[in-house]
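[1] Sequence and predicted model, in that order:
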Amino acid sequence: MKILMIGDVMGKPGRQAVAALLPDLKKDLGVDFVIANGENAAAGRGITPKIAEEFFETGVDVITTGNHIWDQREIVPVLDEEIALLRPANYPDKAPGRGMLKKNGVTVLNLQGRTFMPAIDCPFLKADALLEGVAEGETVIVDMHAEATSEKVGMGRYLDGRVTAVVGTHTHVPTADAQVLPGGTAHVTDVGMVGPKESIIGVTIDSVISRFLTGMPARLPVAEKSKIVQFNSMLIESDEATGRAVSIARIDREYERDGV
């Protein structure tokens with residue numbers, strides 16, 4: 001089975017790139033299943049029901065998220081519906097939504113780190129608890145949404161041999177450490193993003209530099225004027241008999257927007 005994990009989709013430019021590139025990528029690469037992190041899809045902060053539906057229509061099977069999941073209020077009631085949209089599993093159990101689901105033979109688990117992030121439940125212990133209910137040999141993909149590289153690498157090592165892949169998201173910068181670990185789990189510290197190339201992690205350059213120079217709070221708008229959008233993703237191939245990874249490879253593209 002071939003699974004494509006798409007990095008954090010950043011605002012309208014990122015959504016346009018997914019809509020333009022994903023159908024052909026699925027065909028050309030023989031992709032069976034697509035996961036996309038959509039926590040920045042609505043102007044850089046959160047996701048809406050309409051945007052989620054756009055992703056599904058484009059060919060995304062499951063949407064994962066992270067710390068911005070609560071930023072668009074209209075998505076909160078939708079999280080408890082039968083929709084393939086996850087919030088990190090290690091938010092308290094009373095929070096709306098779910099952090100794991102199985103669809104078309106693939107189990108997707110969404111976790112969030114705690115280092116330099118909101119103080120929520122332990123992602124390592126939550127993974128232990130949820131994986132107890134997963135049958136041996138299932139294909140399991142983990143989106144580890146975290147700030148610290150050590151925490152993301154740590155989760156990969158911790159779950160090695162128990163899941164198919166642990167893929168890091170959140171920092172929007174693709175890392176060059178993709179590998180299949182000794183126990184058969186594919187890992188990469190960060191997929192990267194689908195967002196404006198002429199930017200600072202998808203945000204307008206001037207706004208970020210101003211914040212660094214002044215130390216003052218400032219709006220951080222998506223770099224809508226960037227003509228080129230970078231598309232970062234990982235292609236994971238699994239052995240359906242064992243649930244272990246056969247390979248992991250970076251799939252990067254660029255999309256040129258019209259009218260910018």
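    Arrived safely. For clarity, every value in this text was computed on a predicted model and none was experimentally measured.

[2] Quick check, residue 218 in contact with residue 210.
    Yes. If you go by Cβ atoms under 8 Å, residue 218 and residue 210 touch, sitting 5.9 Å apart. Any C-beta I mention is one placed from the backbone N, CA and C, and that applies to glycine too.

[3] for the closest residue to residue 84 other than its chain neighbours, what are its contacts?
    Spatial nearest neighbour of residue 84, chain neighbours left out: residue 62 (4.6 Å); criterion: Cβ to Cβ, 6 or more residues apart in numbering. Shown in contact with residue 62 (Cβ atoms under 8 Å, 6 or more residues apart in numbering): 33, 34, 35, 36, 84, 85, 86, 101, 103, 106, 108.

[4] Take those residues and write them to CSV, including distance to residue 140 and secondary structure.
    Below are the contacts of residue 62 laid out as CSV (distance: Cβ to Cβ, whole Å; DSSP: H, G, I helix; E, B strand; the rest coil):
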residue, distance to residue 140, secondary structure
33, 12, strand
34, 16, strand
35, 12, strand
36, 17, strand
84, 15, coil
85, 18, strand
86, 13, coil
101, 11, strand
103, 12, strand
106, 8, strand
108, 8, strand
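
[5] Count the residues that sit near the nearest residue to residue 19 once chain neighbours are set aside.
    Spatial nearest neighbour of residue 19, excluding adjacent residues (Cβ to Cβ, 6+ apart): residue 58 at 5.0 Å. Other residues lying near residue 58 total 17 when counted by other Cβ atoms under 10 Å.

[6] Repeat that for residue 161.
    Neighbours of residue 161 (other Cβ under 10 Å): 11.

[7] quick one: it and residue 131, what's the gap?
    11 Å (Cβ to Cβ, to the nearest Å).

[8] Mind jotting down where the strands sit in the protein?
    Using DSSP state E, the strands of the chain run over 2-6, 8-9, 33-37, 62-64, 100-103, 106-112, 139-145, 165-169, 179-180, 186-188, 193-196, 228-238, 245-256.

[9] thinking again about what came up before, okay but the residue nearest to residue 19 is in contact with residue 23, surely?
    Yes. Look at residue 58 against residue 23 with Cβ under 8 Å: they come within range, at 7.2 Å.

[10] Quick check: residue 255 touching residue 232?
    No. Using Cβ under 8 Å, residue 255 is not in contact with residue 232; the gap is 11.6 Å.

[11] Compare those two (neighbour count), which wins?
    residue 232 (22 against 19).

[12] Report the separation between that one and residue 128.
    29 Å.

[13] now residue 148
    20 Å.

[14] neighbour count winner among those two?
    Each of residue 148 and residue 128 has its neighbours counted (other Cβ under 10 Å); residue 148 has more, 17 against 13.

[15] Now do the same contact list for that one.
    Contacts of residue 148 (Cβ under 8 Å, 6+ apart): 113, 115, 116.

[16] again, only this time at 10 Å
    113, 114, 115, 116, 117, 154, 168, 170, 171, 189 (Cβ atoms under 10 Å, 6 or more residues apart in numbering).

[17] Return the distance of the fifth one relative to residue 67.
    It refers to residue 117. In terms of Cβ to Cβ, residue 117 sits 6 Å off from residue 67.

[18] May I have the residues that are in contact with residue 114?
    By Cβ under 10 Å, 6+ apart, the contact list for residue 114 reads 90, 120, 121, 122, 123, 124, 146, 147, 148, 151.

[19] ChimeraX command for the buried members of these?
    In ChimeraX, a selection of the buried entries from those looks like this (16 or more other Cβ atoms under 10 Å):
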select :90,120,121,123,124,146,147,148,151
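
[20] Show only the entries of the contacts of residue 114 found in helices.
    Taking DSSP state H, the ones among those that sit in helices are 123, 124, 151.

[21] Which of these sits closest to residue 185?
    residue 124 (14.4 Å; Cβ to Cβ).

[22] more crowded one of residue 117 and residue 67?
    A direct count of neighbours by other Cβ under 10 Å for residue 117 and residue 67 places residue 67 higher, at 21 against 18.
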